[in-house]
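Visitor: just need the structure, nothing else, for what follows:
(2 chains)
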Amino acid sequence: MSDGQQLRARMRQQNPSVQDFEIAAANRLDDALALLLGRRLFGAVYLLGYVAEMYLKIAVYRRLGARPTGQAAAFFRHARQRARELGLWQHQDQWASGHGLMFWARLLWSLPNAEGHTLASSECRALYRHVRRIEDRWAVEMRYLTDAGNWPDAERVLASVEWIRRNRLALWR
Amino acid sequence: MPLHKTSRIIKPAHLALQRELVEEWQNPSNDRTAEPVIYEADPGSNEPIELYVVWSKWHGVSAANRSEVILDAFEAVRGRNQVRRVAIATGWTPEEARESGLETLKDDDVE
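Guide: Next up is the predicted model:
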């Protein structure tokens, strides 16, 4: 079996867990940093957006009770159901086939944790600011664009992704 | 036939592994060559915890079950609040650890 066939076979069998997302997010962040160092700024921002998406999804899944071993696909369905119950589907234009960062952020600050507490308003404001900053410069459709990117945008996105990464425990606890 | 509803099935063999792991966590061996080898990376109360356990007894245990055993043992030792901080809990045989480079970790390398 060729390397490509093996990779596809692995992907077909894969049923990623929440901790697989955590490991993948760290790996993609490393990849993005390598692109930044190589001045491949647009590609770096493209990857950084996915890193933010993974960390937001992890936080939502953990708020929904997932352990690191929880199956991400099951919690994805659970999250979508909770979004409907919480009336967030009115913002489905932000859903973006499940890639909408602001949708995940909105769901995150609407969900109570195990003790019944939602995020503090200061955390919500900071999260909104950082997600907005990323979304202003990132979308899944970037993959179809050719652009050199620029340092200020790349630095802002990196700083906001770093904020989400550093604060992810506070976001899911 | 009676119906037993449960969130997950824990096999007796896994319970035995969990008990051994709890024992090691509570009374760590001074023998540097002893197993299991536990790496508990706790950078501080505001950051997630990562757990890596290298153990020959993981042979024949799936990756998911290894993680569950580690999480259950950690919860038994540190409590529910601490287990909620765990982001990654993975089990490695010594061979797997060697291949991945995990075995070369020193205490100071774990962040």
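
Visitor: from chain B, how far off is the closest residue to A:Leu56 other than its chain neighbours?
Guide: Using C-beta to C-beta, 6 or more residues apart in numbering or on different chains and skipping the chain neighbours, the partner closest in space to A:Leu56 is A:Trp104 (4.0 Å). Every residue, glycine included, has its C-beta placed from N, CA and C. Distance, A:Trp104 to chain B, by C-beta to the nearest C-beta, to the nearest Å: 18 Å.

Visitor: can you count the residues close to A:Trp104?
Guide: 25 (other C-beta atoms under 10 Å in any protein chain shown).

Visitor: for the spatially most central residue of chain A, grab phi and psi.
Guide: In chain A, the residue lying closest to the centroid (C-alpha atoms, centre = their mean) is A:Glu53, at 1.2 Å. Main-chain dihedrals, A:Glu53, degrees, to the nearest 10: phi -60, psi -40.

Visitor: also B:Ile49?
Guide: The phi/psi pair for B:Ile49 (degrees, to the nearest 10) is phi -100, psi 140.

Visitor: and what of B:Ile88?
Guide: Here B:Ile88 shows phi and psi, under degrees, to the nearest 10, equal to phi -140, psi 130.

Visitor: show me the beta-bridge partners of it.
Guide: According to DSSP bridges, the residues that bridge with B:Ile88 are B:Glu50.

Visitor: low-confidence ranges in the chain?
Guide: No chain in the question, so chain A it is. A:7, A:10-13 (pLDDT under 70).

Visitor: sorry, I should have been clearer: chain B.
Guide: B:1, B:4-10, B:103-111.

Visitor: for it, what spans make up the strands?
Guide: Ranges of strands within chain B are B:37-41, B:49-54, B:86-92, based on DSSP state E.

Visitor: got TSV for the ones you listed, with distance to A:Ala96 and mean neighbour count too?
Guide: Listed next are the strands of chain B as TSV, based on distance: least, C-beta to C-beta, whole Å; neighbours: other C-beta atoms under 10 Å in any protein chain shown:
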stretch	distance to A:Ala96	mean neighbour count
strand B:37-41	34	17
strand B:49-54	31	23
strand B:86-92	26	23
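
Visitor: now render the ones you listed as JSON lines, adding distance to A:Ala34.
Guide: As requested, these are exported to JSON lines (distance: least, C-beta to C-beta, whole Å):
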{"stretch": "strand B:37-41", "distance to A:Ala34": "23"}
{"stretch": "strand B:49-54", "distance to A:Ala34": "22"}
{"stretch": "strand B:86-92", "distance to A:Ala34": "22"}
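
Visitor: A:Val18: what's it in contact with?
Guide: A:Ile58, A:Tyr61, A:Arg62, A:Ala66, A:Arg67, A:Pro68, A:Thr69, A:Gly70, A:Ala72, A:Phe75 (C-beta atoms under 8 Å, 6 or more residues apart in numbering or on different chains).

Visitor: in helices, which of the residues you listed appear?
Guide: Among the contacts of A:Val18, DSSP state H puts A:Ile58, A:Tyr61, A:Arg62, A:Ala72, A:Phe75 in helices.

Visitor: among those residues, which two are most distant?
Guide: A:Arg62 and A:Ala72 (11.3 Å; C-beta to C-beta).
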